[in-house]
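A.B. asks: This is the structure alone, sequence omitted:
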């Protein structure tokens, strides 16, 4: 088969037009195909049988795509489906990336539309931050800033998110382009060739081999999503021409000189630029994808998904052709309006459909969610950066309470009761260990965090979950690098900022219950848990420190906080005595402490602890 329920497989056999091997039914690849189908529908507009037939076929192909079948309980579209196991991918489309066009078409479908809330859920995890001097919604590879713009002219139109931000998605892409160029100028990894006119990281081919650079061995992947952003760094010296050239409408003043410089500097072929170039990679005999006889790596191949945006965006820059064409497409216009876009050309564009015809389209607000789609636990989180008064930055992720029972099946609705209104929720602060320090705002999610996202926890104990990330070479507090120095009179900068961030969360979210603020942490975060409780004992309703320790001299400060301390007897990273000493000190002063020591476990006790229902039930039972 070529597809199912209107969706097409990721790859089709070029000879049979049937599914290639066992690839998935792909939502984004169907979406890009449908964008082209709708282009044909709008372009062939003459009143003759041949063009009428093309319009009819295009309309038929689009109308048969069951967008609602791909929609999960988060009101987001799954990335794919496999018939062998009747299984959807848990990974879904959220945040800023190439699937903006997919969501707009899903909202504009006249037959299988999704609810307007889909766009709100799409925007929810946006990560806006300044990178290389450019404030924008970040996404590392430039294709995420290009694909949807091939068809839709986002100049002057804004959804609610962008209206609040004060710019539009076109300007957002422009800023992303300028930030990438500045990264190449800075060239922190010292790759050969990078500069003001040689730049551009995106998905594309690479050497698929190892090279030595700056005294280190670096593996350069074959096909990969190279890019840079505030939370993303994938760079091995491989530049894809499509990154800069397909950005021409956004920043022609830098993209046109780059096109000229690349054309004069690099070998090109029958169809123009090859897919990738890496001047640092010179051992070309090591790469299965290299062209022979050249002094550095040049890809053998052209890739259609990279060549296509070059052609489309050059034409948009030259004549606005495709942008103006899609402004006439009723499904694109309907999708934009249902997503909440207003302003610019969208407020003045006419419709070839009568009001009666549009009224006959299926009501997307009545779309039914597909409860068979598993959920990606990382999809519950929003990302942001807290900046203090002196400019210090603390990245963090935040999960909101799972309180909407309207998305649950009938049986689950009955168990959950009526929708929650005027309800207050606990706040859990999760402090990671030393191995998850960084600045990219995702390493801190590795260990233990997702236990709080389990279905039973979300539904029985809806809560806010705050997961900050400690910067490199710093600590939450409560210990030095040799574990000998514990409580200090002044908090560490990250520790202080966590406490400030908690106060900020309580102020900004009035539905947080101040009597149920919990803190937990593992390893370095276990020490930090004790440290922050000792600094603000009145703030916390309970503490759950794992594989950490606290200063026994200050046990009196936290004796009234319910604590469950856990450690592994065989721990040779943080010795068990670090927990035993503070527990003994708490017991002496009448503290509310319980202690569990796993007799057969080492340092990494977090999974067996956080995924134990008894532990989380205990935590959520506590209140001041």
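C.D. replies: Cool, the structure landed. As the structure is a prediction and not an experimental result, all values here were calculated from the model. Numbers count the residues shown, from 1 in each chain.

A.B. asks: who's in contact with residue 284?
C.D. replies: Under the criterion of CB atoms under 8 Å, 6 or more residues apart in numbering, the neighbours of residue 284 are 290-292, 294, 296-297. Where you see a C-beta, it was placed from the backbone N, CA and C, and this is true even at glycine.

A.B. asks: For residue 295, see how far away it is.
C.D. replies: Applying CB to CB, to the nearest Å, the value for residue 284 to residue 295 is 8 Å.

A.B. asks: And residue 389, by the same measure?
C.D. replies: 52 Å.

A.B. asks: again, but for residue 71
C.D. replies: Going from residue 71 to residue 295 by CB to CB gives 51 Å.

A.B. asks: okay, the two: which has more neighbours?
C.D. replies: Per other CB atoms under 10 Å, whichever of residue 71 and residue 295 has more neighbours is residue 71, with 24 against 8.

A.B. asks: just checking, that one touches residue 118?
C.D. replies: Yes. Judged on CB atoms under 8 Å, residue 71 makes contact with residue 118 at a distance of 7.1 Å.

A.B. asks: Overlap in contacts, these two.
C.D. replies: The contact sets of residue 71 and residue 118 overlap at 77, 106 (CB under 8 Å, 6+ apart).

A.B. asks: Contact partners for residue 176?
C.D. replies: Taking CB under 8 Å, 6+ apart, we find residue 176 in contact with 134, 136, 138-139, 142, 145, 229.

A.B. asks: how does it look with 10 Å?
C.D. replies: By CB atoms under 10 Å, 6 or more residues apart in numbering, the contact set of residue 176 is 96, 131-132, 134, 136-142, 144-146, 227-229, 247, 250-251.

A.B. asks: and it, what element?
C.D. replies: For residue 176, the host element (DSSP states H and E) is helix 169-186.

A.B. asks: Now that helix: buried residues?
C.D. replies: Under the neighbour-count criterion of 16 or more other CB atoms under 10 Å, helix 169-186 has 169-184 buried.

A.B. asks: Next, the contact list for residue 283, please.
C.D. replies: Taking CB under 10 Å, 6+ apart, we find residue 283 in contact with 207, 209-212, 290, 296-297.

A.B. asks: and the next element down the chain from the worst-scoring helix or strand of the chain on mean pLDDT?
C.D. replies: The helix or strand of the chain with the poorest confidence is helix 410-416; it has a mean of 39 (mean pLDDT, DSSP states H and E). Following helix 410-416 in sequence order, the next helix or strand is strand 425-431 (DSSP H and E).

A.B. asks: Let me see the ranges of the strands in the stretch 401-550 of the chain.
C.D. replies: For the stretch 401-550 of the chain, applying DSSP state E, counting those that start in this stretch gives strands covering 425-431, 464-468, 512-522, 542-546.

A.B. asks: now stretch 453-464, how far from the centre of its chain.
C.D. replies: Between the centre of stretch 453-464 and the centre of its chain there are 21 Å (CA atoms, centre = their mean, to the nearest Å).

A.B. asks: end-to-end on that stretch?
C.D. replies: Stretch 453-464 has an end-to-end distance of 10 Å (criterion: CA to CA, to the nearest Å).

A.B. asks: Surely residue 449 is in contact with residue 469?
C.D. replies: No. Contact between residue 449 and residue 469 fails when scored by CB atoms under 10 Å: they sit 11.2 Å apart.

A.B. asks: which residues are in contact with both of the two?
C.D. replies: Counting by CB under 10 Å, 6+ apart, the shared contacts of residue 449 and residue 469 are 397, 432, 436.

A.B. asks: Helix or strand: which one has the first one?
C.D. replies: Here residue 397, judged by DSSP H and E, is contained in strand 393-399.

A.B. asks: could you give the mean pLDDT of the helix holding residue 176?
C.D. replies: The average pLDDT within helix 169-186 is 98.

A.B. asks: gap between that helix and the chain center?
C.D. replies: Put simply, helix 169-186 sits 19 Å off its chain's centre (CA atoms, centre = their mean).

A.B. asks: again, but for stretch 128-141
C.D. replies: So, by CA atoms, centre = their mean, the centroid of stretch 128-141 is 13 Å from its chain's centroid.

A.B. asks: Next: stretch 535-552.
C.D. replies: Its chain's C-alpha centre and that of stretch 535-552 lie 31 Å apart, by CA atoms, centre = their mean.

A.B. asks: Could I get the buried residue list for that stretch?
C.D. replies: Neighbour-count burial for stretch 535-552 flags 535-537, 539-552 (criterion: 16+ other CB under 10 Å).

A.B. asks: again with stretch 506-513
C.D. replies: So stretch 506-513, judged by 16+ other CB under 10 Å, has buried residues 506, 512-513.

A.B. asks: Stretch 16-23 too?
C.D. replies: Buried residues in stretch 16-23 (16+ other CB under 10 Å): residue 19.

A.B. asks: Equivalent analysis for stretch 199-214, please.
C.D. replies: Buried positions in stretch 199-214, judged by neighbour count with 16+ other CB under 10 Å: 199-209, 211, 213.

A.B. asks: Can you tell me the centre-most residue of this structure?
C.D. replies: Central residue of the chain (CA atoms, centre = their mean): residue 95, 5.5 Å from the mean position.

A.B. asks: what about residue 293, neighbour count?
C.D. replies: Residues near residue 293, counting by other CB under 10 Å, number 8.

A.B. asks: Return the distance of it relative to residue 285.
C.D. replies: Residue 293 is 11 Å from residue 285, by CB to CB.

A.B. asks: Contacts only, for residue 162.
C.D. replies: Residue 162 makes contacts with 123, 126, 137, 154, 168-172, 340-341, 343, as judged by CB under 10 Å, 6+ apart.

A.B. asks: So for stretch 74-84, mean pLDDT?
C.D. replies: The average pLDDT for stretch 74-84 rounds to 96.

A.B. asks: And the pLDDT at the closest residue to residue 454 other than its chain neighbours?
C.D. replies: Leaving aside its sequence neighbours, residue 454 sits nearest to residue 611 (CB to CB, 6 or more residues apart in numbering; 7.5 Å). Per-residue pLDDT puts residue 611 at 97.

A.B. asks: Kindly confirm whether my reading is correct that residue 611 touches residue 449.
C.D. replies: No. Assessed by CB under 10 Å, residue 611 is found out of contact with residue 449, at 11.5 Å.

A.B. asks: okay, now residue 350: neighbour count?
C.D. replies: A count of nearby residues for residue 350, using other CB under 10 Å, gives 8.

A.B. asks: wait, what's in contact with it?
C.D. replies: Counted by CB under 10 Å, 6+ apart, residue 350 has contacts 327-328, 333.

A.B. asks: quick one: secondary structure of it?
C.D. replies: Of the three states, residue 350 takes coil according to DSSP: H, G, I helix; E, B strand; the rest coil.

A.B. asks: Show the model's pLDDT score for residue 395.
C.D. replies: The confidence metric pLDDT takes the value 96 at residue 395.

A.B. asks: dump the residue contacts of the most far-flung residue of the chain relative to its centre.
C.D. replies: Computed with CA atoms, centre = their mean, the residue of the chain farthest from its C-alpha average is residue 588, at 47.3 Å. For residue 588, the contacting residues are 552, 555-556, 559, by CB under 10 Å, 6+ apart.

A.B. asks: Same check on residue 225?
C.D. replies: Applying CB under 10 Å, 6+ apart, we find residue 225 in contact with 140-141, 143-144, 201-204, 232, 234.

A.B. asks: Residue 12 contacts residue 25, correct?
C.D. replies: No. Contact criterion CB under 10 Å: residue 12 and residue 25 do not qualify, at 11.6 Å.

A.B. asks: ok, back up a step: what would the buried residues of stretch 506-513 look like in TSV with pLDDT?
C.D. replies: Below are the buried residues of stretch 506-513 laid out as TSV (pLDDT from 0 to 100):
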residue	pLDDT
506	97
512	97
513	97
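
A.B. asks: got a list of what residue 515 touches?
C.D. replies: Contact analysis of residue 515 by CB under 10 Å, 6+ apart lists 424, 426, 541, 622-624.

A.B. asks: Just the closest of those to residue 17, please.
C.D. replies: Nearest to residue 17, judged by CB to CB, of those is residue 426 at 54.2 Å.

A.B. asks: Great, nothing more from me.
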